[in-house]
Structure formats: C-alpha cells, structure tokens
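Visitor: return a 3D structure for these sequence lines:
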Amino acid sequence: MRTYPAATVLFLFFLTFSRLLHFISSKPTGLSFRLIPRDSPESPLYPGNLTGLERIERMIKFSDFRAAYLESSSTPSATVDAERIVFTLLREGFYYIVQVGIGSPPLNVFLLMDTGGGLIWTQCQPCKNCYRQQFPIYNSVASSTYRKLPCDHPLCQGDNNLYKCVDQQCVYSVGYGGGGTTKGVASFESFRFATDSSSATTVDNIIFGCSNDNQNIQFASRGVISGILGLSSSPDSIVMQLSDVVDKRFSYCLVPFTDALMAPSIVKFGNDIPPLSGTVQATTFVPPPGSFYYHLSLIDISVGTRRSRSVTTTLARSRTVTNDLPGYDS
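Guide: Residues are numbered from 1 along each chain as shown. Prediction:
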C-alpha cells in the first residue's frame with residue numbers, strides 16, 4: 001500500500017530572464033494574493049467532502065492532465081500557423097484558482113493559475129461569443145481604466161506568433177484541444193489583488209486578453225471560471241510584466257493535498273517574500289533557450305525515507321504533482 005506524507009513544500013522562483021519594458025502607474029515593491037486550491041471549501045469548483053484516497057486519486061489525475069497540457073504546448077504541433085496557437089486546455093490540468101478584481105470599479109473574477117503559460121485572459125464584454133457565467137462578465141466599456149494595447153507595442157511586433165495587428169488592433173487567437181478557442185484584443189487594465197477581505201493592492205496597466213470570442217472552452221461548463229492568469233517567464237505573464245518592481249521573483253506554499261480542509265495559501269512576489277531561514281532551500285531554475293517554462297535538473301526523488309534511485313538526470317517542467325516514477329516500487 002502506498003503512503004503519501006502530508007508536507008508543505010515551499011517553491012521559490014528566482015527568474016533570470018529578459019524583461020519586457022512597459023509602464024505601471026502603481027509600483028509596489030512586493031505583491032501578494034491568495035491561491036485557492038480547487039478542492040478547498042472556498043473554491044468555486046469545490047467537489048464536496050472527499051476521503052483521503054479520493055484526494056490522492058484526484059491529484060494523480062491532475063498530474064496526468066497537467067503533463068498532457070505542458071507536452072502539447074511545448075511540441076511543434078502546438079503552433080498551427082501565425083494566426084493561432086493550439087494547446088490542450090483541460091480544467092483538470094490546473095489546480096490553483098485566483099480571485100482578482102479587474103477594472104474600475106473592480107469586478108471580481110476567478111482565474112485558473114497557470115505557471116506553464118504567460119497569457120492572462122478573461123471573458124470580456126461586449127461579447128461576440130461568451131459562455132454563460134454564474135457571475136457577471138467583465139465589461140470593458142464600463143471600466144474607466146480600460147484601454148487597448150497599441151499595435152506598436154513590443155508584444156505586437158517581431159516574431160511573436162500569439163499577438164498580431166489587425167485593423168489597427170493588437171489581437172490574439174489561442175486554440176485549445178477539443179476545438180476550444182479564445183480570441184480577443186490585447187489590452188491594458190487595472191488589476192486588484194487581495195490577500196484577505198481587508199488587504200488589497202491595485203496594479204495599473206496590466207496587459208491582458210480581453211476575450212470576447214470564446215467557444216468550446218472546457219472549463220466553461222460550471223460557469224465559474226472566467227479565464228487564466230499566466231505565471232510563466234513569457235513576456236506577457238504577470239511575473240514578467242511586474243519584473244521591474246518584483247525582481248522576477250515569486251514564492252508560494254503548496255497546501256498538503258491530504259488535508260481535508262485545504263485552506264488557501266498566499267503567493268508572494270518581490271520584497272513580500274520573506275528571507276530564507278532554517279532548513280528551507282532554494283534551487284535555481286535553468287532557462288533553456290526558446291522556452292518560457294521553469295526547468296530544473298532532476299537528480300532523484302524520495303518518498304518518505306526511501307529514495308527511488310532510478311530517476312535519470314533530466315529537465316522537468318513546472319508541475320503541481322508528478323507520479324511518473326519509473327522503476328520505483330513502494
């Protein structure tokens with residue numbers, strides 16, 4: 001019988017990638033906001049009270065779906081042409097949810113956190129094709145701080161296949177496995193990030209996707225997730241957009257998935273990250289050329305006090321949990 005120890009693992013991301021220059025009118029030296037595990041009672045996707053075994057089985061499933069998503073987005077087939085980037089997007093491939101306020105006045109929306117992608121997007125009115133939501137859809141017309149990204153912005157220039165200028169607008173089109181697509185206009189907006197009901201930080205001029213044409217999106221069935229918050233090292237991710245004020249650093253703790261109540265945790269950026277102390281260690285990520293994933297050199301894996309001793313040195317992309325342990329018998 002397999003045993004899975006409950007442990008909180010601290011992931012520190014120290015990034016050393018080139019930054020994208022842009023303008024932010026609100027410039028905190030740090031930033032923090034809540035991460036909601038999808039199985040938490042506070043999650044809009046809460047599945048109800050699960051047994052320990054059911055939670056373990058779900059984590060294995062999430063890991064498998066996450067691997068499929070990362071694999072599809074890193075292969076040559078991920079790019080079909082200059083007009084559409086194709087990924088396999090499944091709700092089960094994402095484990096953490098973030099609630100942010102978008103616009104002025106802010107409208108709260110739930111976004112899936114994605115450390116493997118950079119694009120930040122949410123459903124956006126006026127809609128061409130929007131799936132039904134239980135909560136109001138963000139309306140760009142109703143926000144006093146909304147504006148479109150100009151075509152001469154660096155994201156809309158050069159060899160970037162995701163964004164391009166059409167009819168004097170910087171637009172994007174992303175295709176997902178199963179025929180899902182999201183299309184819209186790259187834009188600027190104010191984002192409000194909260195750690196609790198009484199503490200919040202507003203950051204202006206965040207570049208995001210105002211997605212007004214969304215079809216066959218897999219996570220649309222529940223009507224509670226509005227889009228995605230990208231945290232990769234891609235220039236359009238929240239990490240790189242804030243790189244000049246948070247020093248390309250972020251940190252968060254993974255809540256033990258065997259914990260029945262799985263309380264939200266906090267993701268911290270820049271100076272909000274506490275200094276390392278005690279037995280906490282940090283591993284520097286390896287930035288392979290042409291990749292926006294977080295890579296590290298995997299030497300070995302231990303489960304409890306037992307080492308697998310069968311993991312070959314490889315580069316592993318960011319994943320919530322992995323159960324791919326060849327040759328390990330527990």
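
Visitor: so where's this protein uncertain?
Guide: Scanning the chain for pLDDT under 70 picks out 1-28, 46, 55-56, 58-94, 160, 176-178, 255-262, 310-330.

Visitor: quick one: contacts for Ser144?
Guide: Gly103, Ser104 (Cβ atoms under 8 Å, 6 or more residues apart in numbering). All C-beta atoms are positioned from the backbone trio N, CA, C, and that covers glycine.

Visitor: all helices for the stretch 1-150 of the chain, in order.
Guide: 52-74 (DSSP state H, counting those that start in this stretch).

Visitor: which residues of it fall in strands?
Guide: Here the stretch 1-150 of the chain has its strands, by DSSP state E, counting those that start in this stretch, at 9-14, 30-37, 79-81, 84-87, 96-102, 107-114, 121-125, 138-139, 147-148.

Visitor: just say which of those is most tucked in.
Guide: Among these, the stretch with the highest mean neighbour count (mean count of other Cβ atoms under 10 Å) is strand 121-125, at a mean of 25.

Visitor: dump the strands of the stretch 1-150 of the chain to TSV, plus distance to Ser190.
Guide: Below are the strands of the stretch 1-150 of the chain laid out as TSV (distance: least, Cβ to Cβ, whole Å):
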stretch	distance to Ser190
strand 9-14	25
strand 30-37	14
strand 79-81	32
strand 84-87	27
strand 96-102	7
strand 107-114	11
strand 121-125	13
strand 138-139	12
strand 147-148	11
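
Visitor: out of these, flag the one nearest Pro264.
Guide: The closest of the strands of the stretch 1-150 of the chain to Pro264 is strand 30-37. By Cβ to Cβ, the value is 4.7 Å.

Visitor: which residues does that closest one contact?
Guide: Residues outside strand 30-37 that contact it (Cβ under 8 Å, 6+ apart) are 42-43, 95-100, 113, 193-196, 201, 203, 242, 246, 252, 255, 257, 262, 264-273.

Visitor: closest to Val224 out of the strands of the stretch 1-150 of the chain?
Guide: Val224 sits nearest to strand 107-114 of all the strands of the stretch 1-150 of the chain, at 5.8 Å, using Cβ to Cβ.
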